[in-house]
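[1] What follows is a protein structure lacking sequence information:
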């Protein structure tokens, strides 16, 4: 049977819908992420631990059967990447009442590692206060215990191996990183989360080199047939050069390398997040907003992206959208002074809009 397009408008509509679906349904040939961070944290705060176990275990089992679904499991467990005390308290209770839940142990490890990362900061180790280093090591030690529990319950848990690599990078020795890397690759060689963390560990700022990064990225493409996310690893070297360009006060050059990272590595949400941040620092707010939106489509509700979205929306004259993003952000993070200032800016903008709106005659 043949179908006839009735008009140019119909053809344009079909083309638009197809393009929309292609952007929303998948990136890089990967299934769309369906894990909802708000729902996951809602279940946690309402003590719905059995429902959480069932949901997160389903994501993990699906990823083990088909590595293309690993990004969904990554997004689900990333829901716990926060240092919010309320969330960490609920996770503690979950691990206490569910000692045989690898999902609970994994959630605890993610939260503890994120807290350690925030204590560590982005300064060189010699410029980081000793109290911060101690807090980082304390949290990493607890995270290591939870990761061991999780892997004892499920030795195929790729995300746990990935978190071990991250923890070794933050607070261990090169030998610790190598040991965690070899263990992970031997067990889950087609895991993107594992190879992503190895790429971070190979960055020059962590003692590696771009030559090592290139070699590892190229070798990882052998697994791209099973897990297309491996293509994202091609973005790491241009992203790393972009960070150096920003540090050297060369923002335009940094943007050029972030754009190169998109071309080489495809629809990797981290590339869009970082380029959005670079645009924001340059006060190129329309571009920052567009990149932050794309990052959020690809990997929903990351806290840094939500704050970027709120800031860019405020700067482009949309205080309502900005406040909506901030409401979502505060579900996962304790708002600091910058968020309070942004709320005040948005409220003043809304008041000004209301004052400028004519009142309809009665």
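    Great, that's in hand. Because the structure is predicted, anything quoted here is derived from the model rather than measured. Numbers count the residues shown, from 1 in each chain.
[2] quick one: residue 357 from residue 324, how far?
    20 Å (CB to CB, to the nearest Å). Every residue, glycine included, has its C-beta placed from N, CA and C.
[3] okay, these two: which has more neighbours?
    residue 324 (15 against 8; other CB atoms under 10 Å).
[4] what's next to the host helix or strand of the more buried one, contact-wise?
    Taking DSSP states H and E as the criterion, residue 324 maps to helix 319-329. With contacts defined as CB atoms under 8 Å, 6 or more residues apart in numbering, helix 319-329 is touched by 38, 301, 303, 306-307, 309-311, 313-314, 335, 339, 342-343, 345-347, 349-350, 353.
[5] Show me which residues of it are buried.
    319, 321-323, 325-326, 328-329 (16 or more other CB atoms under 10 Å).
[6] Please compute how far it lies from its chain's middle.
    19 Å (CA atoms, centre = their mean, to the nearest Å).
[7] Now the element after that helix, going C-ward?
    Assignment by DSSP H and E places the next element after helix 319-329 at helix 337-356.
[8] Just the pLDDT at the residue nearest to the spatial centre of the chain, thanks.
    What sits nearest the mean C-alpha location of the chain, by CA atoms, centre = their mean, is residue 302, with 5.2 Å. Looking at residue 302, its pLDDT reads 97.
[9] list the contacts for it?
    Residue 302 neighbours (CB under 8 Å, 6+ apart): 78, 269, 273, 295-296.
[10] any idea how far residue 154 lies from residue 302?
    Where residue 302 is concerned, residue 154 sits at a distance of 25 Å (CB to CB).
[11] And for residue 131?
    With CB to CB as the criterion, residue 131 and residue 302 are 28 Å apart.
[12] same check, this time on residue 193
    15 Å.
[13] pretty sure residue 107 contacts residue 94?
    Yes - the criterion here is CB atoms under 8 Å, and residue 107 meets it with residue 94 at 6.9 Å.
[14] Identify each buried residue in the helix ranked longest in the chain, please.
    Counting residues, the longest helix found in the chain (DSSP state H) is helix 130-153. Residues of helix 130-153 classed as buried: 135-137, 139-140, 142-144, 146-147, 149-151, 153 (neighbour count, 16+ other CB under 10 Å).
[15] which one of those is nearest residue 112?
    Checking these against residue 112 with CB to CB, the nearest one is residue 143 at 3.8 Å.
[16] Okay, and the residue nearest to the closest one when sequence neighbours are not counted sits in which element?
    Spatial nearest neighbour of residue 143, chain neighbours left out: residue 112 (3.8 Å); criterion: CB to CB, 6 or more residues apart in numbering. Here residue 112, judged by DSSP H and E, is contained in helix 102-120.
[17] helices or strands next to that helix in the packing?
    In terms of contacts (3 or more CB pairs under 8 Å, 6 or more residues apart in numbering; DSSP states H and E), helix 102-120 is packed against helix 49-65, helix 70-78, helix 85-97, helix 130-153, helix 158-171.
[18] Just want the angle from the shortest one to helix 158-171.
    Just to be clear, that refers to helix 70-78. Taking axes from the mean of the first three to the mean of the last three CA atoms, to 10 degrees, one finds that helix 70-78 is oriented at 60 degrees with respect to helix 158-171.
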